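A.B. asks: here's my sequence, what's the structure:
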Amino acid sequence: MTTLYLDTETYCAIPINHGTHAYAEKVEIMVLAYAVDDGPVIVEDLTLPQWGWFLDVNAYDEVVMHNSHFDRTVLHWNGVDLPVEHIHDTMVQALAHGLPGSLDKLSEIFQLGDKAKDKEGKALIQLFCKPRPKKQKLRRATRETHPEEWQRFLDYAKSDIEAMRALHKRMPMWNYRGAERALWELDQRVNDRGVCVDIKLAMSAIAAVNTAQKTLGVKTRELTFGEVENASKRQQLQDFINMMWPDVDLPDMKMDTIEKLLDGDLPDDLRELLVTRLQASTTSTKKYNRVLSGVSSDGRLRGLIQFCGAPRTARDSGKMFQPQNLMRPNLKAQAIEDGIAAMKSGIADLMYDNVMEIAANAMRGVIVASPNKKLVVADLSNIEGRSAAWLGGEWWKMDAFDAFDAGNGEDLYKIAYARMFNCDPSEVGEGNKRQIGKVCELMLQYEGGVGAWLTGAATYGIDLQAMAEGALPLLPEWTIKEARGAFQWATKKNRTYGLAEDTYVVCDAFKRMWREAHPGIVEMWAELDDAVRTVIESPSRKVQVRSLLVERDRSWLKIILPSGRALSYPSPKIENGKISYMGLTLTRRWARLNSYGGKIFENVTQAFARDVFKGTDLRENANKLTTSEMIEAAGYKLLIPVHDELITETEDDPFFTPEALSAMMSRDLEWCPGLPLAAKGFETYRYRKG
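C.D. replies: Numbers count the residues shown, from 1 in each chain. Below you'll find the predicted structure:
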C-alpha cells in the first residue's frame, strides 16, 4: 500500500476566520509539499511560471493530511477532487484520542520539532499567506519581494510533512477505524453540504441592530448628560452610576448583576439606563456578521462542525457560526416570526422598543430549507440523564423514564424532588420544587456539591434565600445535622461561597438527599476511582466496572465504553494521592489535569451519550450502519447536530416526518439493552427552537 503525505501553503485576501469554504473560493495554492511513504519530502513552488500540476493525488492508496477538510476544499477549488474515503486525517486521529488538534502542539507533545523553527515558520506564514497591513505600501509579500524569506518558507513547508508522517505512525488508531471512520467520512460530506441561509434576514438584522445601537447611544448620552457616549462603555457607565446613585450597590456591569438590580426598587432614570445597557451589550447578534462573512457564493454556509471537537468525550463542537451556542429564545415562535418580518421590511425600530432582543431571538431563523425542501428536526430527550441512570444501574429511574415516555408518568425533575423528599410526584407541580429537582438532576450526578448546586441555581434563576426558608423545615433531621457539620468545616477552610449558614445547609442537604436517592451512581463513582487507580499502579491489570473495561495501553489509560470506543487519557499518574493525566485546559493549554471518580463518570456518561446519539458500534465484528448513516440513507440529509438535536433537510413531501426521524434516533442499540430512549421533533421551513 502506498501512502502520500500532502500539505499546501496558500494565499487569500479573505481572512481564514471567515471559514474554509469562503476562503477556498478565492484561494491561490503557492506551495505543494509531499512525500511518498518514507521517501524524501518534495516541495513544489507553484509560483514559478513553468510549474504544472504533475502530482496525481488519486494514484495512491492513502493520502495523509492534517486538517484535511481545509486542504481537500482548497484542492477542489483548484480543480483537484480527492475522495474523502482515501484520506487519513492526523488532526482527527489526534482529536479522537483526547489529544489537541494543532500540529504545533502535537509536535511539542511528541517532541518532533524545534520551537524556534516553529516560531519562525509562523512568522513566515504571516508574511506570505495573507495581505500586508493596509497602511503598508507593499500589500503582498512574494518570492520576488522577499527571496531569502521565501526560501526559508519552502524549507519550513518540509517540516509539516515530516511531523505529519511521524504523528501518523505514533498516535493510536483505536478510535479512528470502522464505524468511527465511517462517521467521520459522513461528517465531511455534511460539512461540504452546509446549510442554506437567509441572507436577507442576516443583512436586515445587522441593519436593524446598527440603527438600534445609534438610538441607544443617543439615549445613553441624554440619561448621562453627555458624560457617557454609549452604553457599551462599561467602566465609564459604572463610574457615572456610582457617582449619581452612591447608595446603589453596583459592583460590576455583568448582565446577571444588572438583572438582579432591576428586580428591586430603583429610580426611574437609573432603571432606564440599566435597561439601555442590557440592550446595548447584547452580543448574540454578532453571529449575523459571521454568517455573511462565511457564506459561499451559492448561499450556503459550510464547515460548521468539528468532528470529535470536545476533548475526551468526542462530541461534535461548532465552528465559525457556532450553532451549538445559540441564545435560548425568550419570545414565542409567532413573536419571532413577526420580528423577522419586521426586520426584513426595515421597520423593526418602529415596531419594537427592544430591537436587540428581536434580533437575538431570530438568530436560529437564519437557517432555512433549500427551495422545494423542508427541515425535519428531532431531539433526544434527556439523553445524558438516561445514560447516567443506565450506566449507574438506577433501575427505578429507567422505569420512570419509560413511564414518562409512555405518557403515564411524571417528568424526572418532579420525580427527583419527590424521591428526595419522600412525597408523591404529582404534588410537586411546575414551580420552585420542580426547579430544585431540575438543578439537583443536572448538577449533582457527577459528585458535585454546594458549589455545583449554586451554579445550577444561578442558571435557572432560583432565589437562594427564599428557597432556604421554604425547604429548611422539610429537610430530614439527619441531613440538617450532617450539613451543619459540613458548614463548620467549610467555614474553617473559607469555602462557604459567602452563603449564610441556613442557605449553605439547605444546598448541602440537597446534595446528601440526592445521593441517598441514587446509590447506584454514587457507588459507581467509587468503583471508577478505584479501578483507574488500580490500572495506573498495575499496568498489566484490567478492571471491569459494570459495562465498562478499564485498562492500560502503554502510556494511555483506556476506558472501553459499551460501544467499543475508548475514552483515552494520555500519561496517567497518581501524585499526592490524586489521579491525573495530560489534557487540554479550558484555555486550550496542554497541561496535567486532576480527576476523580465523579469527574470520570461525567466523561464516561457524556461519551456514552454521544455514542448513543451517533449510533456507533466499534465492537469486534460489528458491521452495521451507524444511526447517522441510517438516517442519511433514509433521505434525511444531515445538516447540523446541535447538542442532542439533529437538523435534517428532506424533500418537501409528507413521506418525511419528525416521527420517523425520532424513531430512527431512538432505536434500540445492541450494546446498551434496556436504555430508555425517546425523541420528538417538528418540521419547518425556517429553523427554530422546538
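A.B. asks: report the central residue of the protein.
C.D. replies: Ser317 (3.9 Å; CA atoms, centre = their mean).
A.B. asks: which one is that residue nearest to, not counting chain neighbours?
C.D. replies: In space, and not counting its chain neighbours, Ser317 is closest to Gly309: 2.7 Å by CB to CB, 6 or more residues apart in numbering. All C-beta atoms are positioned from the backbone trio N, CA, C, and that covers glycine.
A.B. asks: what is the end-to-end distance of stretch 448-468?
C.D. replies: Across stretch 448-468, the terminal residues are separated by 19 Å (CA to CA, to the nearest Å).
A.B. asks: and it, what's its mean pLDDT?
C.D. replies: For stretch 448-468, mean pLDDT is 87.
A.B. asks: and the contacts of it?
C.D. replies: Applying CB atoms under 8 Å, 6 or more residues apart in numbering, the contact partners of stretch 448-468 are 256, 432, 435-436, 438-440, 442-444, 446, 490, 497, 499-500, 502-508, 510-511, 598.
A.B. asks: circling back to that earlier point, against Val377, how distant is the residue nearest to the centre of the chain?
C.D. replies: Distance, Ser317 to Val377, by CB to CB, to the nearest Å: 20 Å.
A.B. asks: please apply the same query to Ser568.
C.D. replies: 32 Å.
A.B. asks: so between the two, which is more surrounded?
C.D. replies: Comparing Ser568 with Val377 by other CB atoms under 10 Å, the one with more neighbours is Val377, at 25 against 21.
A.B. asks: the more buried one touches Leu646, doesn't it?
C.D. replies: Yes. Contact status for Val377 versus Leu646: in contact at 7.0 Å, counting by CB atoms under 8 Å.
A.B. asks: can you give me the helices for the stretch 101-250 of the chain?
C.D. replies: 103-109, 115-128, 147-170, 178-193, 199-223, 234-244 (DSSP state H, counting those that start in this stretch).
A.B. asks: just to revisit the earlier point, can you check which residues contact both of Val377 and Leu646?
C.D. replies: Leu661.
A.B. asks: next, the residue nearest to the centre of the chain: phi, psi?
C.D. replies: Backbone torsions for Ser317, taken as degrees, to the nearest 10, come to phi -120, psi 170.
A.B. asks: list the residues that contact it.
C.D. replies: Here Ser317 is in contact with Ile305, Gln306, Gly309, Ala310, Gln324 (CB under 8 Å, 6+ apart).
A.B. asks: what stretches of the stretch 401-550 of the chain score poorly on pLDDT?
C.D. replies: Applying pLDDT under 70 to the stretch 401-550 of the chain flags no residue at all.
A.B. asks: can you give me the strands for it?
C.D. replies: According to DSSP state E, counting those that start in this stretch, the stretch 401-550 of the chain carries its strands in the segments 543-545, 548-553.
A.B. asks: which of those has the highest mean neighbour count?
C.D. replies: strand 548-553 (a mean of 19; mean count of other CB atoms under 10 Å).
A.B. asks: what packs against that one?
C.D. replies: helix 519-537, strand 543-545, strand 556-560 (3 or more CB pairs under 8 Å, 6 or more residues apart in numbering; DSSP states H and E).
A.B. asks: for His88, find the nearest of these.
C.D. replies: strand 556-560 (19.9 Å; CB to CB).
A.B. asks: contacts for the helix or strand immediately after that closest one in the chain?
C.D. replies: Using DSSP states H and E, the helix or strand that directly follows strand 556-560 along the chain is strand 566-570. The contact list for strand 566-570 (CB under 8 Å, 6+ apart) reads 96-99, 172, 174-175, 312-313, 555-561, 581-583, 603-604, 607.
A.B. asks: kindly recompute the last result at 7 Å.
C.D. replies: By CB atoms under 7 Å, 6 or more residues apart in numbering, the surrounding residues in contact with strand 566-570 are 97-99, 172, 174-175, 312, 555-561, 581-582, 603-604, 607.
A.B. asks: how far does that strand sit from the chain's center?
C.D. replies: Mean C-alpha position of strand 566-570 versus that of the full chain (CA atoms, centre = their mean, to the nearest Å) differs by 19 Å.
A.B. asks: by how many degrees do it and helix 519-537 diverge?
C.D. replies: 50 degrees (axes from the mean of the first three to the mean of the last three CA atoms, to 10 degrees).
A.B. asks: show me how this structure divides into domains.
C.D. replies: 3-171, 199-366, 377-383+620-684, 395-517 (automatic domain parsing).
A.B. asks: what's the first-to-last distance across the longest one?
C.D. replies: Translated: domain 3-171. So domain 3-171: terminal residues 16 Å apart, CA to CA.
A.B. asks: the closest residue to Ala179 other than its chain neighbours: neighbouring residues, count only.
C.D. replies: Closest residue in space to Ala179, ignoring its immediate chain neighbours: Thr616 at 4.6 Å, by CB to CB, 6+ apart. Residues lying near Thr616 (other CB under 10 Å) number 27.
A.B. asks: doesn't Thr616 lie inside a helix?
C.D. replies: No. The assignment for Thr616 (DSSP: H, G, I helix; E, B strand; the rest coil) gives coil, which keeps it out of a helix.
A.B. asks: pretty sure it contacts Ser563?
C.D. replies: Yes. Using CB atoms under 7 Å, Thr616 is in contact with Ser563, at 5.4 Å.
A.B. asks: run through this protein and note the low-pLDDT ranges.
C.D. replies: Scanning the chain for pLDDT under 70 picks out the ranges 50-54, 114-117, 283-284.
A.B. asks: one more pass at 80, please.
C.D. replies: In the predicted model of the chain, residues 49-55, 113-119, 231-232, 255-256, 260, 263-264, 281-285, 431, 586, 621-623 satisfy pLDDT under 80.
A.B. asks: Trp374 contacts Phe682, doesn't it?
C.D. replies: For residue 374 the amino acid is Lys, not Trp. No. The criterion here is CB under 7 Å, and Lys374 misses it with Phe682 at 10.5 Å.
A.B. asks: compare the two (neighbour count), which wins?
C.D. replies: Neighbour tally, Lys374 and Phe682, criterion other CB under 10 Å: the higher count belongs to Lys374, 18 against 15.
A.B. asks: ok, Asn382 - how many residues close by?
C.D. replies: Asn382 - counted by other CB under 10 Å - has 22 other residues nearby.
A.B. asks: what sits against the nearest residue to Ile206 once chain neighbours are set aside?
C.D. replies: Of all residues not flanking Ile206 in the chain, Tyr288 sits nearest, at 5.1 Å (CB to CB, 6+ apart). Each residue near Tyr288 by CB under 7 Å, 6+ apart is listed here: Ala202, Ala205, Ile206, Val366.
A.B. asks: how does it look with 6 Å?
C.D. replies: Ala202, Ala205, Ile206 (CB atoms under 6 Å, 6 or more residues apart in numbering).
A.B. asks: let me know the secondary structure of it.
C.D. replies: Secondary structure state of Tyr288, per three-state DSSP, is helix.
A.B. asks: ok, it to Thr3 distance?
C.D. replies: Counting by CB to CB, the gap from Tyr288 to Thr3 is 43 Å.
A.B. asks: need the phi and psi values for the residue nearest to Asp37 when sequence neighbours are not counted.
C.D. replies: Nearest residue to Asp37 in three dimensions, chain neighbours excluded: Thr3, at 5.5 Å (CB to CB, 6+ apart). Dihedral pair for Thr3: phi -120, psi 130, per degrees, to the nearest 10.
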